[in-house]
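[1] Show me how the following folds:
(chains A and B)
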Amino acid sequence: MGLVKSMFKITEELLFKILILTAFGIYFYLSLQFPSIPMQEGYGAGLFPLIISVSFFLFAIKDFFTKNKEEFNKNENLVLVGFLIIIFIPMFFINLLGMYLVLALFLFYLNYVLKIPIVKNIIITLSTIITVHLVFVKIFKLSFPEIWFVE
Amino acid sequence: MIDLLFSNLNILTISLIFFGVAFGILVSAIPGLTTTIGVVLLLPFSFYLDSASSLGMLMGVFVGGMAGGAIPAILINIPGNPASIVTNVNGYPLAQSGKGDFALGLAMISSTIGALIGLIILFLISPELSDFALKFGAVEQCALVLLGLSLVSALSEKSVMKGYISMCFGLMIATIGLDPITATPRYNFNTVALQQGISFIPVMIGMFALPTIIESLIISKDFKFPTLDKNFKQCLVGVYDAFKEIIQSKFNLIRSSVIGSIIGAIPGTGSAIAATLSYQLTKKIEKSDNNERFSSQGIISPEAANSSMSGGALIPMLTLGIPGDPVTAVMLGALTIHGLEPGPLMISSFPEAYYGLLGSFAVSVLFLIILTLIGIPFFLKAIRVKTKYLMPIIFVLCIIGSFALRNSMLDVWIMIIFGVIAFYMNRNGYPILPMILALILGKILEEQFRMSLIISLGDPFIFFKKPISLTLLIILGCFLSYIFVKFVKNIITQNKNV
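    Residues are numbered from 1 along each chain as shown, chains lettered A, B, ... in the order given. As a prediction, the model looks like this:
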C-alpha cells in the first residue's frame, strides 16, 4: 500500500514518466499511419517505428510502476519556467529583433540572474556581442537574422 | 602506414591541436564544465575547417580534458570531470599539506604517460580488429549496432530500465524525417524543415551544455580556486619530484594504463569506471590507504587509467562505429560531418583520415607533455576565473553553434528543447548518453536492418543464419539474461525484506 501511495504521489519523476508515456502514445499512433507490410523494397517505413514503439512501451510501463524518488521542487521549476519564458519570447520574434539584440538580451538576463554587477554586466554583454560579430560574421561569414529596421 | 600518420599535419592543424589540448585542460579544470562540453562547444567550428584540422582540434580537447580534470580535484576537492572522480581522495590532502605542485605533477605526468600507452595499444590493436571487421555486412552491422546500443544503455547509469527508455527515445527521434529506404516522410507534421530529420548536433549541444547552465541558474553556486603560494621555480621542483616518484611507480603506472585501455574499449563504460577500477586494484595491491606512499599511488593510478582510456575508447569508435564514452560519441558526430563513416570499413575506406586521427592523438600527447611540464604554474593562475562569468558566454556559443549548422533558428529551438529535456532526464536518473548514441546510430540501425530484410526476401531469421551476427546476438542474449536474472533477484530480496 505504501509503495502504491509513493508511486502515485505527485512528484517530478511521476510527471516526467507521464510525459514519456504520452510521447510514446503519440509516436505509436503516428507509426500506425505508415505501411509496415512486406513490399518489393522490403518492409514498409512503419516497421522500424513499430518495433521501437513495442520495446519502448515495455520499458516505459515497467519504469512507470517503480517507486518515485524526486519530490516536486516548485522553486527550481519556477526558475526554469522563467528562464524559458525569457528565452522563448525574444526567439519567437527574432526576425523582428535580430540576432544581436536577442543575444544581448540573453546575456544581460543571465548575467543579471548570476548576480554580476550591472557595469560588468554591460561590459561583458557588449564585448561578447562584438566578439561574436568579429569571429562568426566577419571571419566565418555566418548570416544572422537582421533587426527589422536595418533590413 | 607510418607516413600516413603525419601526412595531414600542417601549421594550422598543429596549432589547432595545441589550442585543443590547452582548451581541454582549461575546460576540465573549471568545475561544472566537462571535456564533453569542451568538445561540443568546438564542434560547430568543424563546418569551417578541413577534416584533419577539426578532428585534430577535437582530439586535442579529448586528450587535454582527461588530464585537466585533476586540477580542481587536487586543489579544491571537486573533480573537474567524472574521470577524476577518485583523484581528489589522495590529491586534496596532499595539496592541503602544501604539496599541491607535487600532486599536480603526479597527476599530469601520469596522465601523459597513460595517454601514450593508450595510443600504443590503439595503434597495435585497431588494425587487427579492423581486418576482422571487414567481414561485416548489413546483417552483422545491424546486430553489432544493436549490441552496442544495448551495452551502452545497460552500463551507463544506475537504472538499466531508464537506460533503455533513453535509448528508445533516441531511436524515436532518429526516425523523424525521410525513411532511409523508401524516402517516405515520417513524423514531420507536413513541414519541410523536419523532412531532413533532427540533426544530432543541436541535440548534443543542448543535452550536454544546457543542463549545466540551468543548474548554475538554479543553484547560483560558484567555485573559487585557492592560491598556491609558490613561484614558477618552486613549482617546477615539485613537478621534478613527481617525475622521480612516477619512475619508482612504473608498474602501477603501466598496470593502470592497460586497465584504462581495456575498460575504454568496452562501449558505454567511460573514464570514471576506468579510474575507479584501477584505483581499487591499486588499493588492494598496495594494501594501505593512509601512508604518504599510497597518496602518490592513489593519484598515479586513476590518472593513468583515465587518460589511457581515451586511446581505448577510440578503438570501438573507429573500428566498430560504437563510441566508448560521451566524448567519443561527439567525435563520432564530427567524423560524420566530414563524410567519414567510422566502422568496420573505416581503415580501408578512409586510411588517411584514420591514421591522421591517430597522428593527431600522438601530437596531442606530445603537446600534453609540454603543457604539463611547463604549464602547471600558468594553469593555476589561468583557471581562477569564476564560472558565473562563463555560463552566459557558453549559452551564446550554444545558440550560435546550433544556428551555424543550417543557418536556421529551428536548430536553436531544438537545442533549447532538448537541453530542457536533458535537464529533467538528469534529475530523474535517465542517462543522456544512450539517447545521443541512439540518435546517431538509429539511422544506421534502421538502414542495415531493412537492408538485411531485403537481402533475405523478408526472412527475419537471417540474423540467426550468419555466424558473426548469431554470435553477437548470443552475446546480447546472455547479457540481457544476466540483467533479467539480476532484476528478478532484486525483487526477491526486496520482497524478503518487506
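[2] doesn't B:A242 make contact with B:I109?
    Yes: using Cβ atoms under 8 Å, B:I109 is in contact with B:A242, at 5.9 Å. C-beta coordinates here come from the backbone N, C-alpha and C atoms, glycine included.
[3] Grab the nearest non-local neighbour of B:G356.
    Spatially, and ignoring its direct neighbours in sequence, B:G356 is nearest to B:N8 (4.0 Å; Cβ to Cβ, 6 or more residues apart in numbering or on different chains).
[4] Could you grab the helix/strand/coil label for the one you found?
    State at B:N8, reduced to three classes by DSSP: H, G, I helix; E, B strand; the rest coil: coil.
[5] do you know how far B:K233 is from chain A?
    35 Å (Cβ to the nearest Cβ, to the nearest Å).
[6] Can you say which helix or strand has B:T182 in it?
    Using DSSP states H and E, B:T182 sits within no helix or strand.
[7] For chain A, name the helix or strand with the lowest mean pLDDT.
    Taking mean pLDDT, DSSP states H and E as the measure, the helix or strand of chain A with the lowest value is helix A:2-8, at a mean of 56.
[8] contacting residues around whichever helix or strand comes after that helix?
    Remark: after helix A:2-8, the chain's next helix or strand is helix A:12-31, criterion DSSP H and E. Outside helix A:12-31, the residues that touch it by Cβ atoms under 8 Å, 6 or more residues apart in numbering or on different chains are A:7-8, A:46, A:49-50, A:52-53, A:56-57, A:60-61, A:63-64, A:68-73, A:77, B:165, B:169, B:172, B:186-187, B:424, B:427-429.
[9] chain center to helix A:12-31: distance?
    Computed by Cα atoms, centre = their mean, to the nearest Å, the chain-centroid distance of helix A:12-31 equals 15 Å.
[10] ok, and for that helix, which residues are buried?
    Neighbour counts over helix A:12-31 (16 or more other Cβ atoms under 10 Å in any protein chain shown) mark A:12-17, A:20-21, A:24, A:27-28, A:30-31 as buried.
[11] tell me how far stretch B:294-309 is from the chain's mean position?
    Distance, centroid of stretch B:294-309 to centroid of chain: 18 Å (Cα atoms, centre = their mean).
[12] in which helix or strand would I find A:V81?
    Per DSSP H and E: helix A:74-92 holds A:V81.
[13] Contact partners for the most centrally placed residue in chain B?
    When Cα atoms, centre = their mean is applied to chain B, the residue found nearest the centroid is B:V327 (2.7 Å). B:V327 makes contacts with B:35-36, B:39, B:62, B:65, B:310, B:313, as judged by Cβ under 8 Å, 6+ apart.
[14] now stretch B:311-330: mean pLDDT?
    For stretch B:311-330, mean pLDDT rounds to 78.
[15] Could you do stretch B:253-270 as well?
    pLDDT averaged over stretch B:253-270 gives 77.
[16] got it, and stretch B:21-39?
    On average, stretch B:21-39 scores 79.
[17] and if you look at stretch B:336-354?
    Mean predicted lDDT for stretch B:336-354 stands at 79.
[18] now it: how far from the chain's centre is it?
    On Cα atoms, centre = their mean, the centre of stretch B:336-354 falls 19 Å from that of its chain.
[19] Please, which helix or strand holds residue 60?
    I'll assume chain A. Per DSSP H and E: helix A:47-64 holds A:A60.
[20] Oops, wrong one, chain B.
    Assigned by DSSP H and E, B:G60 falls in helix B:51-68.
[21] for the residue nearest to B:G356, what are its contacts?
    Contacts of B:N8 by Cβ under 8 Å, 6+ apart are B:52, B:56, B:352-353, B:356, B:359-360.
[22] ok, B:Y164 - how many residues close by?
    25 (other Cβ atoms under 10 Å in any protein chain shown).
[23] ok, for the residue minimising distance to the centre of chain A, nearest residue in space, not its chain neighbours?
    Centroid-nearest residue in chain A: A:L84, 9.0 Å away (criterion: Cα atoms, centre = their mean). Using Cβ to Cβ, 6+ apart and skipping residues adjacent in sequence, the residue nearest A:L84 is B:V420, 6.8 Å away.
[24] neighbouring contacts of the helix or strand that neighbour falls within?
    Secondary structure from DSSP H and E places B:V420 in helix B:409-427. Applying Cβ under 8 Å, 6+ apart, the contact partners of helix B:409-427 are A:12, A:16, A:70, A:80, A:84, A:87-88, A:91, A:94, A:145, B:166, B:193, B:198-199, B:201-203, B:205-211, B:213-215, B:398-399, B:401-403, B:405, B:431-432, B:435.
[25] ok, and the closest non-adjacent residue to B:M331?
    Excluding the flanking residues, the one nearest B:M331 by Cβ to Cβ, 6+ apart is B:L58, at 5.6 Å.
[26] what about dumping the CA coordinates of the helix or strand where B:A22 lies to PDB?
    Here B:A22 sits within helix B:11-29, counting by DSSP H and E. Coordinates of the C-alpha atoms in helix B:11-29 are reproduced here as PDB (Å, rounded to 0.1, in the frame of the first residue of the first chain):
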ATOM      1  CA  ILE B  11      50.900  24.500 -39.400                       C
ATOM      2  CA  LEU B  12      47.100  25.200 -39.000                       C
ATOM      3  CA  THR B  13      46.400  21.600 -37.900                       C
ATOM      4  CA  ILE B  14      49.300  21.600 -35.400                       C
ATOM      5  CA  SER B  15      48.300  25.000 -34.000                       C
ATOM      6  CA  LEU B  16      44.700  23.800 -33.600                       C
ATOM      7  CA  ILE B  17      45.800  20.600 -31.800                       C
ATOM      8  CA  PHE B  18      47.800  22.700 -29.400                       C
ATOM      9  CA  PHE B  19      44.800  25.000 -28.900                       C
ATOM     10  CA  GLY B  20      42.600  21.900 -28.400                       C
ATOM     11  CA  VAL B  21      44.900  20.400 -25.700                       C
ATOM     12  CA  ALA B  22      45.200  23.700 -23.800                       C
ATOM     13  CA  PHE B  23      41.400  24.300 -24.100                       C
ATOM     14  CA  GLY B  24      40.700  20.800 -23.000                       C
ATOM     15  CA  ILE B  25      42.900  21.200 -19.900                       C
ATOM     16  CA  LEU B  26      41.200  24.500 -19.100                       C
ATOM     17  CA  VAL B  27      37.700  23.400 -19.700                       C
ATOM     18  CA  SER B  28      38.000  20.300 -17.400                       C
ATOM     19  CA  ALA B  29      39.800  22.400 -14.800                       C
END
